[in-house]
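**Q** Next one to model:
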Amino acid sequence: MFVTKTLVQKSIISLIILLFTFALIRTAWIGDDAFITFRTIDNLVNGYGAVWNIGERVQTYTNPLWMLLLTVPYFFSHEIYFTALFLSIGISLVAIYVLLFQLQKNMAASLLTASILLISHAFIDFSTSGLENPLTHLLIIAFVFTYFSTKALPRRRLFMLALIASLAMVNRLDSILLFLPALLFELYRQLSWRNLSTMLLGALPVITWEIFALIYYGFFLPNTYFAKLHAGIPAIHLIYQGLIYCLESLKNDPITLLVIIASLVCSYHLYKNTPSHTNFALRISHFALPLGSLLYILYVIKNGGDFMAGRFFSAPFILGLASLQPTISAFFPEKKTKESVIISTSICLGIFIAISSYWFSQPISVEPTIPLNGIVNERGFFFPSTALVNQTRSQVVPPHSWAIYGAQIRSDNSSHRSYQQTIIFPNIGFLGYFAGPKIYIIDPLGIADPFIARESIDLQKEWRIGHYVRTLPNGYLESKEEKNNKILSAEKAAHYETFQKIIAGPIFAPERWQLIWQRKGF
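**A** Below you'll find the predicted structure:
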């Protein structure tokens, strides 16, 4: 009987992972933003350094750990599209397996959780896309698994929590908000200098990366931080846009935010039902994980959300769902009879299969226009040209118009061995990667240029969240083409010179470090 039960469980697990595999393959896609990181990977593998435009050390990517991880298979494949997608799918499947069958031991509860995962468009959409989300999801689940673990020794557990959070920060710096309440709670519960040193030891990955970023790039933070969060837009306008981002999610993908809300409600319920004489630390422990999701969402709202629907909600959704696992398990009877197990598991399996069938039958969504609020179903927008299921034997993969344009520019300049053409183009992902290192691309959004990133936008003109077009100063194009400061405004020329010395001057030149010190790495 034990063997049969184990065999049935293994069969259900295999079926679930197989269905998720098909769902992820069916929905797999890559967006333009991912190729911003891919161009840096290509330059690094080809010996130009971790740069975007050759000769200028600018951190255009926000996901160093994902970039470094993807560099390894790319070094051998020299092909980015399939390499990135299959790595994303593999990591997502590992995360799904750990969440469903390691964090949760109740099979019926695992099936219910699997159904919730499939309903979330934010999770499914960004389990691929080429962005760092799959790795963030896995690190969050690993953190929650460690947080709930009672086997590890207290100090070892504290070290592992700090290490996982540190790796997540290297993957995306602002993800610390997801883990901060839990880390502070653990430190408060075991407060001592020894435990503080343990946490600092676990934080070595992010400390090491920040030291490298300061030395190599001249700044602690990625250039996108300055380009997107310091465009001169009033805070009240960003908060309003952030609330619109939340409303769009509730309208088109309600399960994602509802799971986060449910995790907060359940944590409060557990707090209220814990006897008042219980240790205070134990009572507030219920809030530690859900508060991380809330803190992150407040941060997203403050920054105006994003132009990709759901992108910044997938991580707090996974944290909320993972923290709900004990509550979900409580829905099923503790005193299990053979009949109750079969009935509950069968019902949940049926629900899961019914939901998973949606991803096999759904039509290919296309959203060719951008709504007035600037928030787009990014997967739907790029799916026709970048979906895994749509790829054919074309010369450019994926065959998006910007990628084809970049490949054409590369072909036109292939005979000029030393000549570097300069072009201006606002969508720098596909074009930048396929144009290759010989093409210098001026990005009016400032993603690839610290000087442009610190220019304020014209608030009299319409702006779209995450896409802040700056007016290039007179003489800027000539400065890049001739590699000599030709900017007409004396003030802007001095500003431009400062950044050129930081990003293009000798790394250990005293003058460069004096300028870095003056800016305090920001």
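
**Q** Out of the helices and strands in this protein, which is least certain?
**A** helix 338-361 (a mean of 62; mean pLDDT, DSSP states H and E).

**Q** Surely residue 454 touches residue 229?
**A** No: Residue 454 is beyond contact range of residue 229, at 11.2 Å (criterion: Cβ atoms under 8 Å). Yep, even glycine has a C-beta here, placed from its N, CA and C like the rest.

**Q** Pull out the buried positions in stretch 185-194.
**A** For stretch 185-194, burial by neighbour count (16 or more other Cβ atoms under 10 Å) applies to 185, 186, 187, 189, 190.

**Q** residues contacting residue 175?
**A** Contacts of residue 175 were listed using Cβ atoms under 8 Å, 6 or more residues apart in numbering, and they are 136, 139, 165, 168, 169, 296, 315.

**Q** biggest separation within the residues you listed, which pair?
**A** 139 and 296 (13.7 Å; Cβ to Cβ).

**Q** Need the residues that contact stretch 501-520.
**A** 55, 56, 57, 58, 214, 215, 216, 217, 218, 219, 450, 498.

**Q** can we see that at 10 Å?
**A** Identification of contacts with stretch 501-520 by Cβ atoms under 10 Å, 6 or more residues apart in numbering yields 51, 53, 55-59, 214-220, 223, 449-451, 483, 497-499, 522.

**Q** Which parts of the stretch 251-400 of the chain are helices?
**A** Per DSSP state H, counting those that start in this stretch, the stretch 251-400 of the chain carries helices over the ranges 254-272, 280-284, 288-302, 314-323, 325-330, 338-361, 378-386.

**Q** now the stretch 401-522 of the chain
**A** Going by DSSP H, counting those that start in this stretch, the stretch 401-522 of the chain shows helices at 401-412, 428-435, 450-453, 476-482, 490-504, 510-519.

**Q** nearest to residue 107, of those?
**A** Minimum separation from residue 107 across the helices of the stretch 401-522 of the chain (Cβ to Cβ) falls at helix 428-435, 41.9 Å.

**Q** Using PDB, write out the CA atom coordinates for that closest one.
**A** C-alpha atoms of helix 428-435 as PDB (Å, rounded to 0.1, in the frame of the first residue of the first chain):
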ATOM      1  CA  ILE A 428      18.000  49.900 -27.500                       C
ATOM      2  CA  GLY A 429      17.400  46.200 -26.600                       C
ATOM      3  CA  PHE A 430      17.000  44.200 -29.800                       C
ATOM      4  CA  LEU A 431      18.800  46.800 -31.900                       C
ATOM      5  CA  GLY A 432      21.700  47.100 -29.600                       C
ATOM      6  CA  TYR A 433      22.400  43.300 -29.400                       C
ATOM      7  CA  PHE A 434      22.000  42.600 -33.100                       C
ATOM      8  CA  ALA A 435      23.800  45.700 -34.300                       C
END
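
**Q** and the angle for that helix with helix 378-386?
**A** Taking axes from the mean of the first three to the mean of the last three Cα atoms, to 10 degrees, helix 428-435 and helix 378-386 form an angle of 20 degrees between their directions.

**Q** if we can go back for a sec, and the buried residues of stretch 185-194, which two are the farthest apart?
**A** The widest separation within the buried residues of stretch 185-194 (Cβ to Cβ) is 9.8 Å, between 185 and 190.

**Q** Now do the buried residues in stretch 382-397.
**A** 382, 383, 384, 385, 386, 387, 388, 391, 396, 397.

**Q** what pLDDT does residue 48 get?
**A** At residue 48, the pLDDT value in this model is 95.

**Q** and residue 438, how many residues sit next to it?
**A** 16 (other Cβ atoms under 10 Å).

**Q** That should have said residue 256, apologies.
**A** Residue 256: 24 neighbours (other Cβ under 10 Å).

**Q** Residue 79 now?
**A** When neighbours are counted by other Cβ under 10 Å, residue 79 registers 11.

**Q** Check residue 262 too.
**A** 19.

**Q** wait, doesn't residue 38 sit right on residue 428?
**A** No: Residue 38 lies out of contact with residue 428 (Cβ atoms under 10 Å); the separation is 11.2 Å.

**Q** tell me the contacts of the closest residue to residue 450 other than its chain neighbours?
**A** Nearest residue to residue 450 in three dimensions, chain neighbours excluded: residue 499, at 4.8 Å (Cβ to Cβ, 6 or more residues apart in numbering). Shown in contact with residue 499 (Cβ under 10 Å, 6+ apart): 56, 58, 218, 219, 449, 450, 451, 452, 453, 454, 515, 519.

**Q** Assign the fourth one to helix, strand or coil.
**A** Read that as residue 219. Under DSSP: H, G, I helix; E, B strand; the rest coil, residue 219 falls in the coil class.
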